[in-house]
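Student: Sequence unavailable; structure follows:
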């Protein structure tokens, strides 16, 4: 055998011995054995340590480790569950409990295969008790059985359990009343309840039942309004309580016509009564407004006012509405009671300036006048605001004058006064006669202009007539008795609009077309023109079997599904006659048949109306066997005479069939009534 072969064999043997030694070291461990008051350490296997009655320190431990046998508390395998899995620790039982592990027994070893198998995981569990929240390490199922909150597998009690959110009694309204449940404060508010406080418990008195509410009808100036109130609150507000649990739907609060103070003039003076607006106007009173009450001053008439012209600081004129005494107090010019501010009420004073007029000596003199005054004196106006300083130099004040002659218009140079005296048209001081100075005059004609005295006729050019607001009758027309016919008279018309009353000037017919109240021809719109205007009239209301009439406004009549007969109409026998209900004989292709309808419907169908409340009978539309059997009962009695007279008064007794009801029908009926067939 070669040296190299021997060396290889020796090396192999050394490796085998080292592996065996390592394997032995890993299968043995320190074993601490107590004997005769001393503790000795033996490097043996776990089984040998158990047979010696020693404390096994674990596989791989060494007796050479200092203090290996100082603590002789028995150890064993401890299986600890963590979020990442199960780990085994060789430790004492107390240390195992501190780790939250499962103790496998004294002397057990983590090297034992399956030592931690089939281990139910545990974790920290927070359990509420009377003394607060306590933490234990247990299984999830055991934690749930104790009513606790499981923190997760492998968690420990090192992290404190959070304190629970406090709870208390919570009063929640339901359709069956108020019920009490235990909730946190946030949960109670989320469910719309009333939280009674932390730690409160549900009892019979913790949630008092609310005071019942219902619909309450309260009278206001605008009418009856409905609000939800308790019965006591409703009475305190002067309302009418409709009952517990009622609501403000439908017609639970019937509306009434609002009333207010009405000032009525009597022989003993003005008295105040409470009336509706319509009642007040019907009695000729002055209505003070819905909801107003009678007081010592409610019917005191306000002082008459009108337009007052005052001097403004800038030299102009302003117009304000004041009473006469107030206007005089401010040194104003009072235009009269009922006048209103307008451009015509307070015209601006005409400006003045220097005016050069011929003097008595034939020269020129200067005076301060308005432009119109200057022209009236045949002067030359130098402009608004000019003064007489060097305003009128000595010079001729003649100008071109256009005179009409039989041969046409001619131009002559003369003074203004002479020109006007000869009926000419003065073209201005300093103007001279040229080919264009005196153009052919514009054609003229009759012009109808409205004035305070009525319609007047003057001769003007068409442009002049329009400028003066007149009606031009045509070139060459003259003023005659028929040139300007009188216009249709107008007057104040009171109209209801947007909840109020407005006044316009129109004819009586146009006022009636718009549903207004005409105040008379020549009346004007003033502050109190429409104060006593009434917009009420007859309203025919058609029922199932009857027609009745009431006096209301058109708007109220429409609300009542009635037929408004016009402003100012009254309820009379014939006011609603066209709506009377009764039998109507109508001719059709199948003959004459009777139908129950209103009179106006019968007239529209070309039928014969039998009379109000005269209903259809089998022979209602058959020819009468006796003409005076007016009620068609087969015999002639006083009832027929009563029925005829009633129809005659209703203008519906055409006995002689001539298409109208006249005295002849009455005479013919009486003749027939006294004949033998009437017996």
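Tutor: On my side now, so go ahead. Every value quoted in this text rests on a predicted model; they were computed, and no experiment measured them. Numbers count the residues shown, from 1 in each chain.

Student: what's the pLDDT at residue 2?
Tutor: Per-residue pLDDT puts residue 2 at 43.

Student: By average pLDDT, which secondary structure element in this structure comes out worst?
Tutor: The helix or strand of the chain with the lowest confidence, counting by mean pLDDT, DSSP states H and E, is helix 3-27 at a mean of 42.

Student: Give the next helix or strand downstream of that helix.
Tutor: Counting by DSSP states H and E, the next helix or strand C-terminal to helix 3-27 is strand 28-35.

Student: Show me what counts as buried in that next one.
Tutor: Neighbour counts over strand 28-35 (16 or more other Cβ atoms under 10 Å) mark 28-33 as buried. (C-beta placed from N, C-alpha, C; glycine too.)

Student: of those, closest to residue 436?
Tutor: Distance to residue 436 across these (Cβ to Cβ) is lowest for residue 29, with 147.5 Å.

Student: Tell me what the closest one is bridged to.
Tutor: Beta-bridge partners of residue 29, counted by DSSP bridges, are residue 44, residue 59.

Student: can you tell me which residues contact it?
Tutor: For residue 29, the contact set (Cβ atoms under 8 Å, 6 or more residues apart in numbering) comprises 43-46, 49, 56-62.

Student: Just the buried ones from those residues?
Tutor: Among the contacts of residue 29, those buried by neighbour count (16+ other Cβ under 10 Å) are 43-44, 46, 49, 56-59, 61.

Student: Let me know how buried residue 114 is, in neighbour terms.
Tutor: 6 (other Cβ atoms under 10 Å).

Student: that older thread, let's have the contacts of residue 29 in JSON lines, adding pLDDT.
Tutor: Shown next, in JSON lines, are those (pLDDT from 0 to 100):
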{"residue": "43", "pLDDT": "92"}
{"residue": "44", "pLDDT": "91"}
{"residue": "45", "pLDDT": "89"}
{"residue": "46", "pLDDT": "82"}
{"residue": "49", "pLDDT": "86"}
{"residue": "56", "pLDDT": "78"}
{"residue": "57", "pLDDT": "80"}
{"residue": "58", "pLDDT": "80"}
{"residue": "59", "pLDDT": "82"}
{"residue": "60", "pLDDT": "85"}
{"residue": "61", "pLDDT": "86"}
{"residue": "62", "pLDDT": "89"}
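
Student: Of those residues, just say which sits nearest to residue 194.
Tutor: residue 58 (65.6 Å).

Student: Tell me how many other residues surround residue 307.
Tutor: Residue 307 has 23 neighbours, counted by other Cβ under 10 Å.

Student: Would you mind pulling the contact partners of the helix or strand harbouring it?
Tutor: Using DSSP H and E, residue 307 sits within strand 305-311. Here strand 305-311 makes contact (Cβ under 8 Å, 6+ apart) with 317-324, 326-327, 330-342, 345-346, 527.

Student: Could you tell me which of the residues you listed are located in helices?
Tutor: Using DSSP state H, the subset of the contacts of strand 305-311 located in helices is 324, 326-327.

Student: filter the residues you listed to the buried ones?
Tutor: Buried members of these, scored by 16+ other Cβ under 10 Å, are 324, 327.

Student: Quickly run through the sheet partners of the strand holding residue 307, with directions.
Tutor: Applying DSSP bridges, strand 305-311 is found paired with strand 317-323 (antiparallel), strand 333-334 (antiparallel).

Student: could those go into TSV alongside mean neighbour count, distance to residue 112 and mean pLDDT?
Tutor: Formatted as TSV, the strands paired with strand 305-311 follow (neighbours: other Cβ atoms under 10 Å; distance: least, Cβ to Cβ, whole Å; pLDDT from 0 to 100):
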stretch	mean neighbour count	distance to residue 112	mean pLDDT
strand 317-323	16	117	87
strand 333-334	16	127	87
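
Student: Distance to residue 359 added to the ones you listed, as a markdown table?
Tutor: Converted to a markdown table, the strands paired with strand 305-311 look like this (distance: least, Cβ to Cβ, whole Å):
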| stretch | distance to residue 359 |
| --- | --- |
| strand 317-323 | 34 |
| strand 333-334 | 35 |
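
Student: closest one to residue 116 among the ones you listed?
Tutor: Judged by Cβ to Cβ, the one of the strands paired with strand 305-311 that comes nearest to residue 116 is strand 317-323, at 107.9 Å.

Student: What is the distance between the closest one and the centre of its chain?
Tutor: Here the centre of strand 317-323 is set off from its chain's centre by 38 Å, with Cα atoms, centre = their mean, to the nearest Å.

Student: Which strand or helix spans the residue lying closest to residue 289 once chain neighbours are set aside?
Tutor: Distance criterion Cβ to Cβ, 6 or more residues apart in numbering; nearest residue to residue 289, sequence neighbours excluded, is residue 260 at 5.1 Å. Secondary structure assigned from DSSP H and E places residue 260 in strand 259-266.

Student: Check the offset of that strand from the chain's centre.
Tutor: Computed by Cα atoms, centre = their mean, the separation of strand 259-266 from the middle of its chain amounts to 33 Å.

Student: what does it contact?
Tutor: With contact meaning Cβ under 8 Å, 6+ apart, strand 259-266 is reached by 221, 270-277, 279-280, 283-295, 298-299.

Student: Tell me which of the residues you listed fall in helices.
Tutor: 277, 279-280.

Student: Show me the shaky parts of the stretch 251-400 of the chain.
Tutor: Low-confidence segments of the stretch 251-400 of the chain (pLDDT under 70): 314-315, 360-363, 393-397.

Student: all strands for it, in order.
Tutor: For the stretch 251-400 of the chain, the strands defined by DSSP state E, counting those that start in this stretch cover 259-266, 269-276, 286-287, 305-311, 317-323, 333-334, 352-358, 364-370, 380-381, 398-405.

Student: so which of those comes closest to residue 660?
Tutor: Closest approach to residue 660 among these is made by strand 269-276 (42.0 Å; Cβ to Cβ).

Student: quick one: contacts of that closest one?
Tutor: 257-264, 283, 285, 287, 293-295, 298-299.

Student: give me every residue that touches residue 496.
Tutor: Going by Cβ under 8 Å, 6+ apart, residue 496 touches 515, 535, 553, 555.

Student: Assign a three-state SS to it, would you?
Tutor: strand (DSSP: H, G, I helix; E, B strand; the rest coil).

Student: For it, report the pLDDT, please.
Tutor: Residue 496 is given a pLDDT of 76.

Student: With the one 10 residues further on instead?
Tutor: The score at residue 506 is 89. That number is its pLDDT.

Student: can you check residue 38 too?
Tutor: On pLDDT, residue 38 comes in at 76.

Student: For it, give the beta-bridge partners.
Tutor: Counting by DSSP bridges, residue 38 forms beta bridges with residue 35.

Student: Start and end of stretch 284-293, how far apart?
Tutor: Using Cα to Cα, to the nearest Å, the end-to-end distance of stretch 284-293 comes to 18 Å.

Student: Can you name the residues in contact with it?
Tutor: If you take Cβ under 8 Å, 6+ apart as the criterion, stretch 284-293 is touched by 220-222, 258-265, 273-275, 277, 280-281, 298-299, 531-532.

Student: The residue nearest to residue 308 when sequence neighbours are not counted: what's it in contact with?
Tutor: Spatial nearest neighbour of residue 308, chain neighbours left out: residue 327 (3.6 Å); criterion: Cβ to Cβ, 6+ apart. Counting by Cβ under 8 Å, 6+ apart, residue 327 makes contact with 306, 308, 310, 333-334.

Student: Please consider this matter closed, and thank you.
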